[in-house]
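1. structure here, sequence nowhere to be found:
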């Protein structure tokens, strides 16, 4: 028996004791794991705090652009409806928080006239979506990988089950993603309403949609991130794997389809992050959107259709659930 094996056996025999006391309810244990990992991830990373602050100021800049446009709207487009400006601009901004490479815009040019030519560029949320993916990869990549590297999983398994451990880790990443994406969407709703002088209660359905949409996006990306983190002992490997996979799969549509002027190519469905943005547009009832400036219709029978978008998101969600189950039942987790 090697020295390493002897040391491992000694630690397991004399350094590990299964918990035999009174446990709290399962949901309490899961929340405890989630809260602990959430605050530790934020506390230990100064770069994470800087990105969160930068995202907040990015939202303020977006809202300022919309408010300034509304002030000059009588001169640019006298028939512009401020209520429509709020709904389309807010939906466009929230959807853009998720897309990484392929920018999905839902602002109709026939309503905004000349504003529609430059408003999507001014309101692009590419920076926020990029930071969201980067933060998810940085924080989520080490949630399980670090425990495997430092062999601290035994500390968890002394008090909780494998299922509670994985679900707690997943919940911490979903909560973190909620802070990064859902909270800015909620803050922007109230700031934009206040800046444009619109009724907050008139568009509560849009706020509920934003919460549901960002929560679904957070859950799906968190599932994939946790699965990658459980496959390796190196945080950097899991982080780079998620980030590179998202960028590469997003680039197929831009590099291949658009180079052949195939703006409605099904290659867009390979972007497993971008399809979440398309699902957000479909769920709001938009039939016509623009992707990277090219028109896309969900109900014309050509190229990408609404049912394809729903199916693609379903496949990504299924893969995430299967990966989570493998993480729970794999013996070396």
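-> In hand now; what should we look at? Just so you know, these numbers come straight off a predicted model, no measurement behind them.
2. neighbouring contacts of the helix or strand encompassing residue 40?
-> Assigned by DSSP states H and E, residue 40 belongs to helix 26-44. With contacts defined as Cβ atoms under 8 Å, 6 or more residues apart in numbering, helix 26-44 is touched by 23, 48-49, 139, 143, 156, 159-160, 164-165, 167-169, 171-172, 175-176. For the C-beta atoms, the positions are set from N, CA and C on the backbone; glycine is no exception.
3. at 7 Å instead, please
-> Outside helix 26-44, the residues within contact range by Cβ atoms under 7 Å, 6 or more residues apart in numbering are 23, 48-49, 139, 143, 160, 164-165, 167-169, 171-172, 175-176.
4. sticking with residue 328, tell me its helix or strand.
-> In the assignment (DSSP H and E), residue 328 maps to helix 306-329.
5. now do residue 172
-> Since the elements are taken from DSSP H and E, residue 172 ends up inside helix 162-177.
6. do the same with residue 148
-> Going by DSSP H and E, residue 148 is in helix 145-150.
7. show me how far the top helix by length along the chain is from its chain's centre.
-> Assignment by DSSP state H gives helix 46-76 as the longest helix of the chain. Here helix 46-76 is found 20 Å from its chain centre; the criterion is Cα atoms, centre = their mean, to the nearest Å.
8. can you map out the helices along the stretch 151-300 of the chain?
-> 153-157, 162-177, 183-196, 204-230, 235-252, 274-283 (DSSP state H, counting those that start in this stretch).
9. least reliable of these by average pLDDT, please.
-> Note on these: helix 153-157 shows the lowest mean pLDDT, a mean of 69.
10. next, the buried residues of stretch 280-299.
-> Residues of stretch 280-299 classed as buried: 280-284, 286, 289-292, 296-298 (neighbour count, 16 or more other Cβ atoms under 10 Å).
11. of the residues you listed, which pair is most distant in space?
-> 283 and 292 (20.9 Å; Cβ to Cβ).
12. who's in contact with residue 232?
-> For residue 232, the contact set (Cβ under 7 Å, 6+ apart) comprises 145, 238.
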